[in-house]
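Next one to model:
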Amino acid sequence: MSATAASPPTGPVHWSNWAGNQQATVRQVLRPATVDELSAQLRAAADAGGRVKPVGSGHSFTDIATAPDRQLDLSALATPVTVNTGARLVTVPAGMTLRRLNALLASHRLALPNLGDIDAQTIAGAISTGTHGTGAGLPGLAGFVDSLTMVTAAGEVLHCSERQHPDVFAAARVGLGALGVLVEVTLRCVDAFVLRAAERPGTLADVRATLPELADGNDHAEFFWFPYTDRVQLRVNNRTPVDDQPLPSWRGWFDDEFMANTVLDGVCRLGRAIPGVVPTLNTLTARAAATRTYTGRSDRVFCSPRRVRFAEMEYALPRSALDPVLTALADIVDRLPHRVMLPVEVRFGAGDDSWLSPGHRQDCGYVAVHQYTGMPYEEYFQAFERVATDLGGRPHWGKLHWRTAETLAPAYPRFADFLAVRDRLDPGRVFANDYTERVLGG
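The predicted structure is shown next:
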């Protein structure tokens, strides 16, 4: 690829993440159009002793993407798209959003095996933070990466896979943006498939009594527990050969747009203004949860609109720890001096071999706690974190936590190996920020 003149950076600008809890005044925003231009920008930053942080769609709750110096926006960097339908492999720009990726795959009758519940993230951001969906037999999105291309702080372009630079590949799939800039990703896909979704209310006691059956008896399963109640909302998705029960468009709008966004936001605003009514509101919300069964294209079933803003923490735990965690959470919620407005989400996932994946070599139960924007969450989240840490939990890198390198190193068998790769690829810490210094050390 021939060298190109670097496009002039923009700045300073104010940046905020989706949740609004992370903000920064960025001195410069870099928007390379080619890999050569990116390499030149990284070399210039390294020579000047500067720092560069890639930023995706801003859907991390942590300060992982905050960049007080140079922020890197990859939305204009268009690497070639290659689709190999026979091998079920797709190579795409790392800055592509999951929404665009899903549309691309569908046009070739392909799909990702699993997804989370939103599709606004960039591919690089999703895999770098350990983003996942639910499915006891399926890893997070990083587990679907066949190979990747990254640019180091020295401007070197590395093509990494299990065959090329395997140590970098093992580290960079969940790399926290600390090793280099992902510019291209090749993903292993599957043939397009249809899901039959079944959603219904239930009780926490019944779910806890049947956790193994719920996780292992469905392709994808999750539930939401509403604090101050014994009520849950169950969601299970299973593959089906035909799309024979599509959701009417009016029902999709009513449930997913009106009730789950407009009405829920109004309920949360009321709970924030009058905290004493939160238990009653949670009871009413739980009882109003939809009961429905429908079929649809996999990504359209997995992903739904999310406009209610909140703060979130999530921990990956050994599946055996789910029951004690749920007991502890009920006690924590009851003892808090403030109210909890949003439900606790429980999902399942298979282990993988990415060195800093929360699911590294461990089948997981994922437990996420939420709080509506503008309501206190620190005491709640920190109490949950203490319990999760004691039970062997690992935090989602893109969701709030207070762990440090000292407490994280024992939780990850290959933590020291990751740091060694980081020392080799970024000795000058071009890709460091407050977050990486906290979780990885200086």
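
Helix, strand, or coil at the residue most central in space within the chain?
Nearest to the mean C-alpha position of the chain, by CA atoms, centre = their mean, lies residue 131 at 3.1 Å. Following DSSP: H, G, I helix; E, B strand; the rest coil, the label given to residue 131 is coil.

change the start of the numbering to 46 and stick with it
Yes, from this point I'll number from 46; that puts the last item at residue 176.

That one is in contact with residue 442, isn't it?
No: contact status for residue 176 versus residue 442: not in contact, 9.0 Å apart, counting by CB atoms under 8 Å. Every C-beta, even on glycine, is put in place using the N, C-alpha and C of the backbone.

what touches both of those two?
Common neighbours of residue 176 and residue 442 are not found (criterion: CB atoms under 8 Å, 6 or more residues apart in numbering).

where along the stretch 146-295 of the chain do the helices fall?
Counting by DSSP state H, counting those that start in this stretch, the stretch 146-295 of the chain has helices at residues 168-173, 211-217, 249-254, 256-261, 294-297.

Any idea which of those gets closest to residue 393?
helix 256-261 (4.4 Å; CB to CB).

Report the contact partners of residue 310.
By CB under 8 Å, 6+ apart, residue 310 lies in contact with 352, 353.

ok, now with 6 Å
Shown in contact with residue 310 (CB atoms under 6 Å, 6 or more residues apart in numbering): residue 353.

A helix includes it, no?
Yes: counting by three-state DSSP, residue 310 is located in a helix.

Could you measure from it over to residue 419?
According to CB to CB, to the nearest Å, residue 310 stands 12 Å off from residue 419.

same deal with residue 376?
25 Å.

Between the two, which has more neighbouring residues?
Higher neighbour count among residue 376 and residue 419: residue 419, with 15 against 11, using other CB atoms under 10 Å.

OK, contacts around residue 432?
With contact taken as CB under 6 Å, 6+ apart, residue 432 is in contact with residue 373.

Name the SS class of it, please.
Quick answer, by three-state DSSP: residue 432 is helix.

Is it correct that the residue nearest to the centre of the chain is in contact with residue 186?
Yes: shown here, residue 176 and residue 186 form a contact pair, counting by CB atoms under 6 Å, at 5.3 Å.

Name the spans of this structure whose pLDDT lies under the cut-off.
46-53, 56 (pLDDT under 70).

tally of neighbours for residue 132?
When neighbours are counted by other CB under 10 Å, residue 132 registers 11.

Equivalent analysis for residue 408, please.
17.

same thing with the one 4 residues further on?
When neighbours are defined as other CB under 10 Å, residue 412 has 24 of them.

Next up, the contacts around it.
360, 370, 391.

From these, which land in helices?
Using DSSP state H, the subset of the contacts of residue 412 located in helices is residue 370.

From the contacts of residue 412, pick the one nearest residue 133.
Closest to residue 133, out of all of these and judged by CB to CB, is residue 391, at 30.5 Å.

Phi and psi next, for the residue nearest to residue 111 when sequence neighbours are not counted.
Among residues not flanking residue 111 along the chain, residue 69 sits closest, at 4.5 Å (CB to CB, 6 or more residues apart in numbering). Phi and psi for residue 69, reported as degrees, to the nearest 10, are phi -160, psi 150.

so residue 69 bridges to which residues?
On the basis of DSSP bridges, residue 69 is bridged to residue 60.

Could you pull up the contacting residues of it?
By CB under 6 Å, 6+ apart, the contact list for residue 69 reads 60, 111, 113.

So among the residues you listed, which ones count as buried?
Buried residues within these, defined by neighbour count using 16 or more other CB atoms under 10 Å: 60, 111.

could the contacts of residue 69 go into TSV alongside distance to residue 249?
Shown next, in TSV, are the contacts of residue 69 (distance: CB to CB, whole Å):
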residue	distance to residue 249
60	39
111	37
113	43
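
Return the member of the contacts of residue 69 nearest to residue 466.
Closest approach to residue 466 among these (CB to CB): residue 111, at 22.8 Å.
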